[in-house]
Structure formats: C-alpha cells, structure tokens
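Novice: Fold the following.
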Amino acid sequence: MTGYARAEAQGPWGRLSWELRGVNHRYLDLQFKLPDEVRGLENEFRALALAHLARGKVEGGLRLTRDTTANAALEVDDERLAQVSAALDRIAQALTATALPDPLRVLSFPGVTRETPQDPVPLMQAARQLFRQALAEFAETKSREGERLAQFIAERCDAVEALASQVRERYAIVRTQWLERLRQKARDLQVELDPARIEQELVLALQRLDVEEELSRLASHLVEVRAALSRQEPIGRRLDFLMQELNREANTLSSKSQDAEMTRSAVDMKVAIEQMREQVQNIE
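Specialist: Residues are numbered from 1 along each chain as shown. Predicted coordinates for the structure are as follows:
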C-alpha cells in the first residue's frame, strides 16, 4: 500500500527532517538517504522498518540542516596562527610593506580557526527517535488506506455473491427449459426411443451444463477472502491467490453457460473480480 510520513525536530545540532514514502511492491524494498553524521545507523533503521513493514518499496530520507546561528565554540589554533603571522612578517619585510594584515582575512586562512567538535550522541538519539515517530505515522497512513481497501473488496465480494445467486436461479430455469425442449424434440421425431438410453444421455448432458460445483467453490473462496480481511497480518499474497481461484471459477461458469443472462452474470462477475485483483496488488 502507498504511504507517506514526515517528522521534524529542532535541537542544538540544527534541524532534522525524516520523510518516508512508500508505494506498492511485491516484496519489501528499503532505500535510505542519510547524512554522513548518522550513516552508521542505517542497519538500525532497517531493522526498525522490518519490524513494522512486510511489503512495498519504501524510500526514507533524513535531512540535517545545521543551525548557523548556534553559538558553536570557535577555537584558534595558536601554532597555525604563529606560522601564518611569521609568513606575513617575512612577506612584509621583503616588500617593505607597513600596513597591518586584515584580521578577518587571517581568520579565514585554512587551519587558523576550527569549530569545537560536537558530541554525535545527541544527534544520533534524535535521529532514532524521529525515525520511530515517522515510522508510526507511516504505518497509520497505511492502516487507513487498508481499511478503505478492505471495504472496497468486501463490497465487490457482495456483488460477486449476488451475481452467483442470479446464476444459480437462472440455471434452474435454463435446466428445466432445456429438458423440456429435449423431450419435445423426441416427441416431434415420433420415434420409439430407449428410455434408459435417453436417461443416460440426459445425465451426461446435464453434467456438462451443471454449474453447482463452480458456484460452491466460488462461495467457499469468498468466505476465505472475507476471513483474510479480518486478519491482523500480511494478507496480500493470500488474497492474490484467492483472486486467481475466483477468476478460474468465473471463467468456467462463462464457458458452461448456454444462456445469455447467465453469460452476462458471469462476465459481470469477472469484472468485479478483476477490480478486486487490481486493488489486492496494493495490499501487504
């Protein structure tokens, strides 16, 4: 299922922003984009994601924006500054210059100043906590979509069940009409027929037209679909298999049909099953 979540936090290290995006995928595919400061936590993030997700292509991005207004301690490297000062004195003597060097330009010279390294632990702790927050929101959005998909599939199950009832009712009528037409043809021929042979042929013909077995299996598959929707576990592959079985029974009903109304009901059934199958691809 698709999902999206965003979580932000502000601290001495600057601003952290987690963003999770997920689309449907047959398996679980995790991709992370992390700043260098927390790249060592990638395996930990993967383990957390695996505990909450089963399928989907999920992209996770963490952005770190340093706070330029923060009062980071600035240190002067006295040894480096002495080297730069000595070099400036030699240059001034060689050029007989009298002007003093610009202090700001001296400070900008590489190595003269350095920022005090920050403790990475608070940043990593914040990244972990923020990821859990984003992951919880991501799972919630997927759960809401799952509820909508479950309702959609349940409605299509009701539609397929209603169409199956129509086929069953119509089959009883078609069967009676077919038997009557066959008997009428025998009477029109005005020939003496072996009753036992006629009965045998009727049985064989009705077996070819009988759809009760397909309707029974169809009903059984619908029960399994509804049961799967109530499970608190990944059900995507189970539903995908059930959609194949439902479609198989609908195809058989259509091929056995000797009546326009039954054929139309079977086609409508296949349309509803295909609609379910398309949505099942978005379910874990």
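Novice: contacts, neighbours, all on C-alpha from now
Specialist: Noted.
Novice: Which pLDDT value goes with R46?
Specialist: For R46, the model assigns a pLDDT of 93.
Novice: let me fix that: L130
Specialist: For L130, the predicted pLDDT is 95.
Novice: before we move on, what about L242?
Specialist: For L242, the predicted pLDDT is 95.
Novice: how near is the nearest residue to it once chain neighbours are set aside to V160?
Specialist: Of all residues not flanking L242 in the chain, H221 sits nearest, at 6.4 Å (CA to CA, 6 or more residues apart in numbering). Using CA to CA, to the nearest Å, H221 is found at 11 Å from V160.
Novice: P120 now?
Specialist: From P120 to V160 the distance is 59 Å (CA to CA).
Novice: For these two, indicate the residue with more neighbours.
Specialist: Legend: neighbour count by other CA atoms under 10 Å for P120 and V160, higher for V160 (25 against 11).
Novice: mind listing what the more buried one touches?
Specialist: 269, 272-273 (CA atoms under 8 Å, 6 or more residues apart in numbering).
Novice: Among those residues, name the ones in helices.
Specialist: Judged by DSSP state H, the subset of the contacts of V160 located in helices is 269, 272-273.
Novice: circling back to that earlier point, was I right to think the residue nearest to L242 contacts L246?
Specialist: Yes - the pair formed by H221 and L246 meets the contact definition of CA atoms under 8 Å, at 6.6 Å.
Novice: looking at this, the residue nearest to L242 is in a helix?
Specialist: Yes - using DSSP: H, G, I helix; E, B strand; the rest coil, the secondary structure at H221 is a helix.
Novice: Show the model's pLDDT score for it.
Specialist: We have a pLDDT of 95 for H221.
Novice: same deal with A94?
Specialist: For A94, the model assigns a pLDDT of 72.
Novice: if I look at A227, how far off is S220?
Specialist: The spacing between A227 and S220, counted by CA to CA, is 11 Å.
Novice: make that W178, sorry
Specialist: 28 Å.
Novice: For burial, what's the neighbour tally of L123?
Specialist: With other CA under 10 Å as criterion, L123 counts 19.
Novice: Kindly provide the distance from it to D29.
Specialist: 26 Å.
Novice: No further queries at this time; thank you.
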